[in-house]
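J.: Here's a sequence, model it:
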Amino acid sequence: MTRMHPVSSMAGRVLTFTMLLLLLLAQSAVTASAQELLQPRLQIGINLLPAIIAANRSVISSDPDSELSIYLAYRADRHLAEQLQSRLAQRGAIQQHPLHISAVRLDDLFAQSLPRNSTIFVVEPLDDRLQELIEYAAQQRALLFSPHQGDVERGVNAGLKVTDKVLPMVNMASLKNSKIQLKAFFLRIAVKHE
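T.: Next comes the predicted model:
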């Protein structure tokens, strides 16, 4: 029976551990790179969302202790919705209003009646289901926000415009249809789609 020298056994373990660590680091770097390509508009959108909610005149005129419901609507990627939920939850409150944030599958959202001053954030591009969500949000008088390119032009209440800087973007006809009034100062800085 051959015994390995303790030093060579230890060196083998260190080498194995080092190789495993390098493999894991390389894998996480690839995953992080892929997520970075997909995430910027979502990250900007989730950071811009509180300002848009705060510009909603109905929110400002409501009881300061009343809860604001925010629905992160997704089609398939619950994990992504939950990531955005935890990031938004760090905010705690908007204009003294406590937040109730839910990651909700699109079909489950359609089955609900929403509380007053609700906001819906579009987590994933919805393509063929977007018009259905636009109509639902208008019926519920909920502020509909999408960070995805082209959604405001298709009828979503608010989103963002990325040029050399990031600006909020609003669909004036959609806001009027939903009976949502935003503060004048907010509308002055926003890109308006008529």
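J.: per-domain residue ranges of the protein.
T.: When the chain is parsed with automatic domain parsing, its domains come out as 1-38, 39-193.
J.: Can you say which of the ones you listed is packed in most?
T.: Highest mean neighbour count of the domains of the chain: domain 39-193, a mean of 17 (counted as mean count of other C-beta atoms under 10 Å). Heads up, the C-betas are built off the backbone N, CA and C, glycines and all.
J.: Can you measure across that domain, start residue to end residue?
T.: 24 Å (C-alpha to C-alpha, to the nearest Å).
J.: ok, now stretch 60-67?
T.: With C-alpha to C-alpha as the measure, the ends of stretch 60-67 fall 12 Å from one another.
J.: ok, what's across the strand from residue 70?
T.: Judged by DSSP bridges, the bridge partners of residue 70 are residue 101, residue 119.
J.: Residue numbering should commence at 48 henceforth.
T.: In the new count, where the first residue is 48, that last one comes out as residue 117.
J.: thinking it is in contact with residue 165, fair?
T.: Yes. Judged on C-beta atoms under 8 Å, residue 117 makes contact with residue 165 at a distance of 7.4 Å.
J.: ok, and the closest non-adjacent residue to the residue nearest to the spatial centre of the chain?
T.: Taking C-alpha atoms, centre = their mean as the criterion, residue 93 is the residue nearest the geometric centre of the chain, at 4.6 Å. Spatial nearest neighbour of residue 93, chain neighbours left out: residue 131 (5.2 Å); criterion: C-beta to C-beta, 6 or more residues apart in numbering.
J.: Which of the helices or strands spans that neighbour?
T.: Taking DSSP states H and E as the definition, residue 131 sits inside helix 125-136.
J.: Toward the C-terminus, what is the element adjacent to that helix?
T.: As assigned by DSSP H and E, the chain's next helix or strand after helix 125-136 is strand 140-141.
J.: Give the rounded mean pLDDT of that following strand.
T.: Confidence over strand 140-141 (mean pLDDT, whole number) is 87.
J.: distance between it and the chain's centre?
T.: 16 Å (C-alpha atoms, centre = their mean, to the nearest Å).
J.: Next: stretch 186-196.
T.: A distance of 11 Å separates the C-alpha centroid of stretch 186-196 from that of its chain, computed with C-alpha atoms, centre = their mean.
J.: and if you look at stretch 221-234?
T.: Taking the mean C-alpha point of stretch 221-234 and that of its whole chain, the gap between them comes to 20 Å (C-alpha atoms, centre = their mean).
J.: Kindly check the end-to-end length of that stretch for me.
T.: The first-to-last residue distance of stretch 221-234 comes to 14 Å (C-alpha to C-alpha).
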